[in-house]
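Enquirer: Give me a model of this one.
(chains A and B)
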Amino acid sequence: MVKTVFKRPRSLKENVFHYCPGCGHSIAHRIIAEVIDELDIRGITIGVPPAGCAVLAYNYFDVDMIEALHGRGPAMASAIKRSLPDRVVFSYQGDGDLAAIGIAESFHAANRGENITIIFINNAVYGMTGGQMAPTTMLEQKTTTSPAGRHRTLDGYPVKVSEIFSQLEGVTYLERCMVNSPLNINKTKKAIKKAFQCQLDGFGFSLIEILSPCPTNWKMTAFNSCKWIDEVMSKTFPPGVYKDNIAAAKKSAEGR
Amino acid sequence: MNKVLMSGNHVIGEAAIRAGCRFYAGYPITPQNELTEYMAEHIRHAEGGIFIQSESEVAAINMIAGASAAGLRVMTSSSSPGISLKQEGISSMAACELPGVIVNIMRGGPGLGNIRPSQGDYFQATRGGGHGDYRTIVLAPASGQELSDLTMEGFDLADKYRNPVMILADGMMGQMMEPVLFKKPKPRKYSEKFMLRGAGTGKSKFIHGLILDPIDMEEHNWKLARKYEVITQKEPRFEEHKIEDAKMVIVAYGTAARIAKGAIKRLRAQGVKVGLFRPVTLWPFPELRLRSLSEIVKHYLVFEMSTGQMLEDVRLSLQGYADIKFHGRPGGAVPTPAELANVIAKFYEKID
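Expert: Coordinates of the predicted model:
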């Protein structure tokens, strides 16, 4: 008898990813799809992909999806979730989408404690448009719009989304992960599963920040990109659980 | 059912809820705050009714787009500067063929302008307003009763054509109290196949405005254009008032048309033969009717609370077959009927 040890998740369409070699998006997509399968929520999941590299996510996820305008995913996801409270709604956003143009929508969806999940891909650049400086670009990091490196007085500082959002009372679960090694990919998947479960249980807003390699725009090999996340990026953006109020939410739900 | 006395902003809210609107998102801006407040208070009493005070007008339009995709009847409202902020979202709703009602209680502009009634957003409303080749159906109520009727009808039209519908009124219409009889709304006809509610055990769907292939994008543009052509043929609405023997016809909409009616009443009492042509749909503009009217009436005076925007549609409609004059009061200035009557009389003297 042959035992299946690896297969394409049911929630992933049989399309070839358009992402660059070494990009973290395809890994993130796959583990989200695996989580959807494992929780058996394909039929009730609605995804909201962003403007950015992941704009074509609906070509890959085999769940209902509606594309959001740049930055507006959390507004759209909030409305869908309120309209259909028993569905699982997630917004998938990049760093420009979440922390620049859509900071208001993301911040306020979190602050309202919307019972949605945000998957936040932080790769420190604007990927699709060709590697411009993002709100999460490291100090001294060279991009096409910070050719001499990000300058603290001219360009400001990398925006630490997990640190900032964890201060909001509306947030239930928030973790920063990385997809630069098998171990970290497994940790990320676990975090995503916890976030979706948090939503299924009705415990409120969850956000998973994922430090994700962008070899093309970092002008590095895929291997060195993974190393750069460990050696540079994770120093500014330390991984870890920034907020976990799930136990408290559970207790208060039981008390009701 | 009895008539009730209500302010215009409240009328829109009540009519929307009665028409089955179950999702409203909005952000405070004068002179439409009473509508947002009305929805906050009343939509929650309707089964499944959802109100969100959004963080911005931008968020509000994207919220209603999401709820519309989920299958709810949706509305947002704002006033001029806030409507400008919503334009990308309106363009996207048109592209994705998501129905929804957007209320613009216009104020003086450009820029922050002021909070007085104005009609300066005609171009923005009737030419799409946002980017790309699209149109929104634009309804221009001129009374409390019409605020109710056209709001209800707006939801039906939005569903019928799967397109955003704009109610274009102004601060005067929003703030004014009038008796209104709420009519029985029609039952909703909107197929579930257009709704995004989770794939269940079936095939997953996606709604998107991004079409990277230029030939596919062109085809989508033509598909929308064909729909707009049908709307242009089927949906123009207008009112004619005392035009049978008129030597001059005033063309005005909304508040300006009400003022014009007052002026016409005064002038008629003095034997001046003036009438009114009032477009009720600003897009589609009742172009054909106005053109055929030019066979009977040769003199037109366009009156707007702007520097002359609908004027261009009147020129396009009349195509040089009649003489067109213009009187405008932009920036929040509202003339009295007596004042407008004097203006009309001066133009009239020259033709007589």
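Enquirer: for the stretch 1-150 of chain B, what spans make up the helices?
Expert: B:8-18, B:33-42, B:57-69, B:80-96, B:122-126, B:144-161 (DSSP state H, counting those that start in this stretch).
Enquirer: What is the subsequent helix or strand relative to the lengthiest helix in chain A?
Expert: Scanning chain A for the longest helix, with DSSP state H as the assignment, gives helix A:182-200. As assigned by DSSP states H and E, the chain's next helix or strand after helix A:182-200 is strand A:205-211.
Enquirer: Mind checking what helix or strand follows that following strand in sequence?
Expert: Counting by DSSP H and E, what follows strand A:205-211 is helix A:215-218.
Enquirer: and the closest residue to chain B within the stretch 101-250 of chain A, what is it in contact with?
Expert: Closest approach between the stretch 101-250 of chain A and chain B, counting by Cβ to the nearest Cβ: A:H108, at 4.0 Å. Yep, even glycine has a C-beta here, placed from its N, CA and C like the rest. For A:H108, the contacting residues are A:P74, B:S54, B:E55, B:A59, by Cβ atoms under 8 Å, 6 or more residues apart in numbering or on different chains.
Enquirer: Show me which residues of chain A sit near chain B.
Expert: Taking Cβ under 8 Å from any Cβ of the partner chain as the measure of proximity, chain A contacts chain B at A:42-46, A:48, A:51, A:55-56, A:58, A:61-69, A:72, A:75-80, A:82-84, A:87, A:104-105, A:107-108, A:112.
Enquirer: Taking their axis directions, the lowest-mean-pLDDT helix or strand in chain A and helix A:182-200 sit at what angle?
Expert: Lowest on mean pLDDT, DSSP states H and E among the helices and strands of chain A sits helix A:246-255, with a mean of 91. Helix A:246-255 runs at 20 degrees relative to helix A:182-200, counting by axes from the mean of the first three to the mean of the last three Cα atoms, to 10 degrees.
Enquirer: For helix A:246-255, buried residues please.
Expert: A:I246, A:A249 (16 or more other Cβ atoms under 10 Å in any protein chain shown).
Enquirer: how far is it from where the chain is centred?
Expert: Counting by Cα atoms, centre = their mean, to the nearest Å, helix A:246-255 is centred 25 Å from the centre of its parent chain.
Enquirer: Which strands and helices lie in contact with that helix?
Expert: Judged by 3 or more Cβ pairs under 8 Å, 6 or more residues apart in numbering or on different chains; DSSP states H and E, the packing partners of helix A:246-255 are strand A:171-178, helix A:182-200.
Enquirer: that older thread, elements contacting the longest helix of chain A?
Expert: Using 3+ Cβ pairs under 8 Å, 6+ apart: helix A:182-200 touches helix A:25-39, strand A:88-94, strand A:117-122, strand A:171-178, strand A:205-211, helix A:246-255.
Enquirer: now do 7 Å
Expert: Counting by 3 or more Cβ pairs under 7 Å, 6 or more residues apart in numbering or on different chains; DSSP states H and E, the packing neighbours recorded for helix A:182-200 are helix A:25-39, strand A:88-94, strand A:117-122, strand A:171-178, strand A:205-211.
Enquirer: Could you spell out the sheet neighbours of the fourth one, each with its direction?
Expert: Strand A:171-178 has the following sheet partners, assigned by DSSP bridges: strand A:205-211 (parallel), strand A:240-244 (antiparallel).
Enquirer: Columns mean neighbour count on top of the ones you listed, output as CSV?
Expert: Output for these, formatted as CSV (neighbours: other Cβ atoms under 10 Å in any protein chain shown):
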stretch, mean neighbour count
strand A:205-211, 28
strand A:240-244, 16
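Enquirer: Would you format the helices and strands packed on helix A:246-255 as TSV with mean pLDDT and mean neighbour count included?
Expert: Converted to TSV, the helices and strands packed on helix A:246-255 look like this (pLDDT from 0 to 100; neighbours: other Cβ atoms under 10 Å in any protein chain shown):
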stretch	mean pLDDT	mean neighbour count
strand A:171-178	98	24
helix A:182-200	98	19
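Enquirer: A:K3 is nearest to which of the ones you listed?
Expert: helix A:182-200 (20.2 Å; Cβ to Cβ).
Enquirer: mind checking which of the strands paired with strand A:171-178 is nearest B:S118?
Expert: Nearest of the strands paired with strand A:171-178 (Cβ to Cβ): strand A:205-211, 40.4 Å.
Enquirer: Can you show me the CA trace of the closest one as PDB?
Expert: Provided in PDB are the C-alpha atoms of strand A:205-211 (Å, rounded to 0.1, in the frame of the first residue of the first chain):
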ATOM      1  CA  PHE A 205      -9.200  40.000  15.500                       C
ATOM      2  CA  SER A 206      -6.000  38.100  14.600                       C
ATOM      3  CA  LEU A 207      -3.000  39.200  12.600                       C
ATOM      4  CA  ILE A 208       0.000  37.000  11.500                       C
ATOM      5  CA  GLU A 209       3.000  39.000  10.300                       C
ATOM      6  CA  ILE A 210       5.300  37.000   8.100                       C
ATOM      7  CA  LEU A 211       8.800  38.000   7.300                       C
END
